[in-house]
Every structure is written in structure tokens, then in C-alpha cells.
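1. Sharing a sequence plus its predicted fold:
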Amino acid sequence: MSQQFQPPAPDSVTPAPGYPAPPAPKGNVALGVIAAVVAALVAAAAYGGIMNAIDREFGYAAVGVGALVGIAAGKLGGRNPVLPILAGALSVGAVYAGQLFYIALTVARLQHVGAADVLDTLGIDGLADIWSKSADLMEFVFLGLGAFAGFSVARKTAA
């Protein structure tokens, strides 16, 4: 005996033509922002420490600060167009904070006190005054290098 097999009736819903599905969004903007802020704080401390260790400013380290912030923003944040701009701005802040940290460490070494004592005595405003009185063209070049590196690395490494 043979059995009759009836194929199922076609669905009333027809599939969409062969368009690919939109890609799933990659990266998390909030995570990229948080990572960039943390990277900026760590890079600022490292930049100030490196300058204190060699007792002079080091321009390539400013590029490294920007690159570190840009990598953190780009890899974890994805392709959001705001992240490279944020990475550039945070890089400027990190280079500036690193320079202030270097000033604090230098004053602490010269006065034979701790850096916390210098921060307590002078405060951020006092360190900023010292920075503004001693700033030359190279200070601003380093700020610009950090910003450029942060922006371009964040844009190139966005996943």
C-alpha cells in the first residue's frame, strides 16, 4: 500500500526578498566613555610620573597618552561618531593633568615633602598658575599631539 503525502500549504506570509539583515550594533558607547575616562586618568598619572623620572617633558609620551585614550574609546565604544571627539578632548585633559602632576612632583621633590602636601598647600589652582606662568609653545604642541592621537586612534580602532 502506498500512502499519499500532501505537502503543506504555503504560508500566507512571504519572506522578504534577499536583503541582508542590518548588522547588529557593535560596541557600547557608555562602556567606551567610561573606559576612556579611566584610561585618561591612568595615562595622566603615568605621563606625570615618566616626566618626573626623566626630569623633563617628553613629547612622544603625549602621543602615547592620546593613543591609550583613543584605544579605550574606540575598541570598547564602537563606531559612534562622538567617541573620537571625546577621546581627543579627554586626551588634552590627560596631557594637561599629567603636566600638573609633574609640577606637583617636582615641587614636592624640591621642598622635600610629599605630593599630597603640595596638592594640599597649592591646590589645583596653584599648580595651574605655575603651569600658565611657565608654559611655552611646546606645552601647547604636546596638548595638540595628544588630542590628535586620541581622535585618530579612536576613529581607526573603532570596532
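-> Yep, it's here. What you are looking at is a predicted structure, and each value in this text was computed from that prediction instead of being measured.
2. Can you give the distance of the helix or strand hosting Met138 from its chain's centre?
-> Assigned by DSSP states H and E, Met138 belongs to helix 137-157. Mean-position distance between helix 137-157 and its chain equals 11 Å (C-alpha atoms, centre = their mean, to the nearest Å).
3. I'd like to know which elements that helix is packed against.
-> helix 59-77, helix 82-111 (3 or more C-beta pairs under 8 Å, 6 or more residues apart in numbering; DSSP states H and E). Every C-beta, even on glycine, is put in place using the N, C-alpha and C of the backbone.
4. buried sites along that helix?
-> 139, 142-155, 157 (16 or more other C-beta atoms under 10 Å).
5. Could you figure out how far that helix is turned away from helix 59-77?
-> Relative orientation of helix 137-157 and helix 59-77, computed by axes from the mean of the first three to the mean of the last three C-alpha atoms, to 10 degrees: 30 degrees.
6. tell me the angle of helix 137-157 relative to helix 82-111?
-> Using the same axes, to 10 degrees: helix 137-157 against helix 82-111 is 140 degrees.
7. Quick one: mean pLDDT for helix 137-157?
-> Helix 137-157 comes out with an average pLDDT of 95.
8. send the alpha carbons of that helix over as PDB?
-> What follows is helix 137-157, C-alpha atoms only, in PDB (Å, rounded to 0.1, in the frame of the first residue of the first chain):
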ATOM      1  CA  LEU A 137      54.800  76.800  22.800                       C
ATOM      2  CA  MET A 138      55.900  73.200  23.300                       C
ATOM      3  CA  GLU A 139      53.300  72.800  26.100                       C
ATOM      4  CA  PHE A 140      50.600  73.600  23.600                       C
ATOM      5  CA  VAL A 141      52.200  71.400  20.900                       C
ATOM      6  CA  PHE A 142      52.100  68.500  23.400                       C
ATOM      7  CA  LEU A 143      48.400  69.200  24.100                       C
ATOM      8  CA  GLY A 144      47.800  69.200  20.300                       C
ATOM      9  CA  LEU A 145      49.700  66.000  19.800                       C
ATOM     10  CA  GLY A 146      47.700  64.200  22.500                       C
ATOM     11  CA  ALA A 147      44.400  65.500  21.000                       C
ATOM     12  CA  PHE A 148      45.300  64.400  17.500                       C
ATOM     13  CA  ALA A 149      46.500  61.000  18.600                       C
ATOM     14  CA  GLY A 150      43.300  60.400  20.800                       C
ATOM     15  CA  PHE A 151      41.000  61.400  17.900                       C
ATOM     16  CA  SER A 152      42.700  59.500  15.200                       C
ATOM     17  CA  VAL A 153      43.300  56.300  17.200                       C
ATOM     18  CA  ALA A 154      39.700  56.200  18.400                       C
ATOM     19  CA  ARG A 155      38.500  56.600  14.900                       C
ATOM     20  CA  LYS A 156      40.800  53.900  13.400                       C
ATOM     21  CA  THR A 157      40.300  51.300  16.200                       C
END
